[in-house]
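Asker: model the following, please.
(chains A, B, C, D, E and F)
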Number of protein chains: 4
Amino acid sequence: MKPQERKQQIIECAKKLFSKNGFYETQIIDIVNELRISKGNPYQYFKNKEDLFLQLIDYIYHQWIEFKVPDDKIRSPNTPYNYLHNKISKIIYFFDYDIDSANILIRIGPGINRTIEPFVEKMEHTFIENIKRDLRAGKRINAIEKDADIELLSYIILGVISRVSYYYLIQRRAKKASVDIEKLVDKIVSSLAAIYLKGSAPPAVKQVSKRRTINKK
Amino acid sequence: MKPQERKQQIIECAKKLFSKNGFYETQIIDIVNELRISKGNPYQYFKNKEDLFLQLIDYIYHQWIEFKVPDDKIRSPNTPYNYLHNKISKIIYFFDYDIDSANILIRIGPGINRTIEPFVEKMEHTFIENIKRDLRAGKRINAIEKDADIELLSYIILGVISRVSYYYLIQRRAKKASVDIEKLVDKIVSSLAAIYLKGSAPPAVKQVSKRRTINKK
Amino acid sequence: MKPQERKQQIIECAKKLFSKNGFYETQIIDIVNELRISKGNPYQYFKNKEDLFLQLIDYIYHQWIEFKVPDDKIRSPNTPYNYLHNKISKIIYFFDYDIDSANILIRIGPGINRTIEPFVEKMEHTFIENIKRDLRAGKRINAIEKDADIELLSYIILGVISRVSYYYLIQRRAKKASVDIEKLVDKIVSSLAAIYLKGSAPPAVKQVSKRRTINKK
Amino acid sequence: MKPQERKQQIIECAKKLFSKNGFYETQIIDIVNELRISKGNPYQYFKNKEDLFLQLIDYIYHQWIEFKVPDDKIRSPNTPYNYLHNKISKIIYFFDYDIDSANILIRIGPGINRTIEPFVEKMEHTFIENIKRDLRAGKRINAIEKDADIELLSYIILGVISRVSYYYLIQRRAKKASVDIEKLVDKIVSSLAAIYLKGSAPPAVKQVSKRRTINKK
DNA sequence: AATGAATGAGTATTCATTCAT
DNA sequence: AATGAATGAATACTCATTCAT
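Answerer: Numbers count the residues shown, from 1 in each chain, chains lettered A, B, ... in the order given. The predicted structure follows:
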């Protein structure tokens, strides 16, 4: 087998097992047994177990970059709402398509240890930067309130996506419960739109003061 | 030292070290060294390392139950918005007050292993059930749209809270960046209110373009 | 067993096995099997195998310091020759008494690896410094030529002692050949005395030039 | 590259690396990396790593046989002293010229393991036999005392040469200290001459005090 | 002759846990 | 209750060696 193929084979197997059992509860021997290769083989391609995990993170990142949402799920991005819809779709459909990657990015990666975490954070950072860029663009075309807190918003978006994916795609799927992805995306999008897309979300702050005024009566 | 005190002392120390280094990277010997007790001592109180972690989760839960937000941060819960504000406040102020617990619940607990995860999930479940109960009550008093998806909403709320806490209280704090908690709570609350409190409810998909048209008038 | 006793027991066993089979061909498991202790036991007392070797070197050094030559072998140090005799006796009798230490200092230690060698060299250095001190004292009382090269002499002495000990005490003993230690010491001493003790060694340098003059004829 | 050249290239590289890092700390991969050849290549020429070392010893022996001291350092061997001088010169100049061989013969070879040691000892043995032959010849021409202990003398000579070479050529060179080889040879020769060349022969033990008394007259 | 992917026996080391004191 | 010496299962990792190409 060619080195690149073997390497990818090991990474794929590691993804599956890390996702299933976590980093510390997955032994190198589990991987080599599953692949029917020798104990020393992975060490031809990875310096150690941590390096394997880090290269796995990188692999997932590239899988994500190259991932294409099914054509019929893509909307023409002629409104900010549809643009948002496409973005959320890509994430949810990717996680749905590659549940192990979702598991690793959301559940396994954070909290492993101090050597690995920076690399997981770095990957999250690229997600966040992407979101922020979109939000800034949204401000420029006046789709988002001028005084919106871009940083906070980006973490809110990330939080919603990851937690909802975790529950619907990982936990419920594990219990064999079916999930209607299309509907799920719709609901997430409309919720997020309510927060920050102009016209879809009323100026929350002003309403607050109104109510408070009422209360004071 | 009385048994109960010693036990609590061990749990507190474990909380600190698990939070800092994770479950697998924290050794029993680290705990006993820090406390200047003997290697065998924790085994008087905990069956094993996992049991220590599980009792820690339980301990955190009770800490959380008993936690009181500073009086001046509490609003009179006479509106759904203020009710929500109080709920969010309790979580954010608790996490701010006990950053190690936040770390363990958000980052360390999920993804440890298959023995421990159910217990972490159980704790999350009580959070979720709490949120759902509130949301159902909100529906009854007509503060929330009748057709809102309670389950999804609860996970959205949990996702926003945990991810935002993680970033602002854990990651930014680790870099010594200061955080204005009061403002943070305000922004989270208004964002969440925008999603599901009536009057701030998001438009259905079709409505989007309509409203935008309207707005352009 | 008390920690100090156990530690010494392990060091003694390591001395025996390192001496017999060398550093790399001695496994920790050989040591624990011989002592009928658990595999992890030595790691209570030594950071790792190298640390065990280094502490062994230190142990040998202290054994050497405390070693006493049998009373009847000691001469009254009333002449430089007898002083030298006593010094050589101590080394040869120590090596004879503790053949494993001799083996480790002479054969095993040098050439192990770059981490360990400095420590072996450090020990040799203290030997050399001792010899040099004596040589300088010898110069002061005019027992040694004023222009003798102290440094070179000290290495000559060390070379003679270690190589002769190696052959007679280690190699010949291994072949069950008997060795008359007393005679051996006498011969070594008279050889060394010939080199540098005044009156016992003719001024070699002058003779050289004489001969060279002859050659030029 | 012709097989013989490749084989020699591997031996030369092995010499360099074994000398630098020792037998156990030198990996086959270090050698093949340095030579930019494949991992399996050395196994065309050597049965295994030990065989490579043994053939290296043999190689060094032949290098030594063929080694020629610079003409201007050679003396006409018309006196025992000069004969000795030439012998010592050859060794010291060889070690100076090929420091890695010196390192391997003196420091690395002894103490490696029980398979290799006999071969190193065999090489030493040929040195010793050479020395002994000379000493016996010296006795015949009456240049050496009839009752001199040839065996002991030969080990003394070997000890002096190897220890002094080790210090001056290996240790001091490693610290970039300069060494005057010519002077060094002179001093070694005159020291050894003092021990066993007639007229420089050491006194018997009893004679010491006598002579000293005489000297004091 | 040369390559380099693959092998797997071998080893040091870790660390939760036990238990006699 | 507390101690800490001892245990040994568990595991990552190494590296000489092989062999199909």
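
Asker: and the closest residue to chain C within chain A, how far is that from A:Q55?
Answerer: Residue of chain A nearest chain C, by Cβ to the nearest Cβ: A:N48 (18.3 Å). (C-beta placed from N, C-alpha, C; glycine too.) A:N48 sits 11 Å away from A:Q55, going by Cβ to Cβ, to the nearest Å.

Asker: who's more crowded, these two?
Answerer: Each of A:N48 and A:Q55 has its neighbours counted (other Cβ atoms under 10 Å in any protein chain shown); A:Q55 has more, 18 against 11.

Asker: in this structure that one contacts A:K47, no?
Answerer: No. Using Cβ atoms under 8 Å, A:Q55 is not in contact with A:K47; the gap is 9.4 Å.

Asker: what pLDDT is listed against the residue of chain A closest to chain C?
Answerer: For A:N48, the model assigns a pLDDT of 97.

Asker: ok, A:Y196 next?
Answerer: In this model, A:Y196 is scored at 84, pLDDT.

Asker: spell out which parts of chain A neighbour DNA strand E.
Answerer: A:M1, A:P3, A:R6, A:I37, A:S38, A:K39, A:G40, A:N41, A:Y43, A:Q44 (Cβ under 7 Å from any atom of the strand).

Asker: count of neighbours near the residue lying closest to the first one once chain neighbours are set aside?
Answerer: If I follow you right, that is A:M1. Leaving aside its sequence neighbours, A:M1 sits nearest to A:Q9 (Cβ to Cβ, 6 or more residues apart in numbering or on different chains; 7.5 Å). If you count neighbours by other Cβ under 10 Å, A:Q9 ends up with 16.

Asker: let's verify A:Q9: helix, strand, or coil?
Answerer: helix (DSSP: H, G, I helix; E, B strand; the rest coil).

Asker: now A:Y155
Answerer: helix.

Asker: I figured it was touching A:F127, is that so?
Answerer: No. Under the criterion of Cβ under 8 Å, A:Y155 makes no contact with A:F127, lying 10.4 Å away.

Asker: what segments of chain A are helices?
Answerer: Remark: helices assigned in chain A by DSSP state H are A:3-21, A:28-35, A:42-45, A:49-66, A:80-97, A:99-103, A:117-140, A:150-165, A:172-174, A:181-196, A:204-216.

Asker: elements contacting the third one?
Answerer: Judged by 3 or more Cβ pairs under 8 Å, 6 or more residues apart in numbering or on different chains; DSSP states H and E, helix A:42-45 is in contact with helix A:3-21, helix A:28-35.

Asker: state the distance from A:N103 to A:L56.
Answerer: 12 Å.

Asker: what does A:L153 give?
Answerer: The gap separating A:L153 from A:L56 is 30 Å, by Cβ to Cβ.

Asker: again with A:D186
Answerer: 32 Å.

Asker: the two: which has the busier surroundings?
Answerer: For A:D186 versus A:L56, neighbours defined as other Cβ under 10 Å are more numerous around A:L56 (24 against 16).

Asker: so that one sits against A:K16, correct?
Answerer: No. Contact between A:L56 and A:K16 fails when scored by Cβ under 8 Å: they sit 10.4 Å apart.

Asker: related to what we said a few turns ago, quick one: buried ones out of the residues of chain A next to DNA strand E?
Answerer: A:R6, A:I37, A:N41 (16 or more other Cβ atoms under 10 Å in any protein chain shown).

Asker: list just the nearest of these to DNA strand F.
Answerer: A:N41 (8.1 Å; Cβ to the nearest atom of the strand).

Asker: contacts only, for the closest residue to the closest one other than its chain neighbours.
Answerer: Distances taken as Cβ to Cβ, 6+ apart put A:V32 closest to A:N41, at 6.3 Å, once the chain neighbours are dropped. Counting by Cβ atoms under 8 Å, 6 or more residues apart in numbering or on different chains, A:V32 touches A:S38, A:K39, A:N41, A:P42.

Asker: adding pLDDT, write those residues out as JSON lines.
Answerer: Formatted as JSON lines, the contacts of A:V32 follow (pLDDT from 0 to 100):
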{"residue": "A:S38", "pLDDT": "97"}
{"residue": "A:K39", "pLDDT": "97"}
{"residue": "A:N41", "pLDDT": "98"}
{"residue": "A:P42", "pLDDT": "98"}
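
Asker: which one among the residues you listed gets closest to DNA strand F?
Answerer: So of these, ranked by how close each gets to DNA strand F (Cβ to the nearest atom of the strand), first place is A:K39, at 4.5 Å.

Asker: tell me the contacts of that closest one?
Answerer: With Cβ under 8 Å, 6+ apart, A:K39 has these contacts: A:I28, A:I29, A:V32.

Asker: burial measure for the closest residue to A:I144 other than its chain neighbours, as a count.
Answerer: Among residues not flanking A:I144 along the chain, A:G138 sits closest, at 3.9 Å (Cβ to Cβ, 6+ apart). Neighbours of A:G138 under the rule other Cβ under 10 Å: 21.

Asker: check the one 4 residues further on too.
Answerer: Other residues near A:N142 number 10, with proximity taken as other Cβ under 10 Å.

Asker: can you pull the contacts of it?
Answerer: So A:N142 contacts A:K198 (Cβ under 8 Å, 6+ apart).

Asker: can you tell me how far it is from A:L197?
Answerer: A:N142 is 11 Å from A:L197, by Cβ to Cβ.

Asker: what's the answer for A:I131, then?
Answerer: Applying Cβ to Cβ to A:I131 and A:L197 gives a distance of 14 Å.

Asker: between the two, which one's more packed in?
Answerer: Applying other Cβ under 10 Å to A:I131 and A:L197 shows that A:L197 carries more neighbours, namely 26 against 20.
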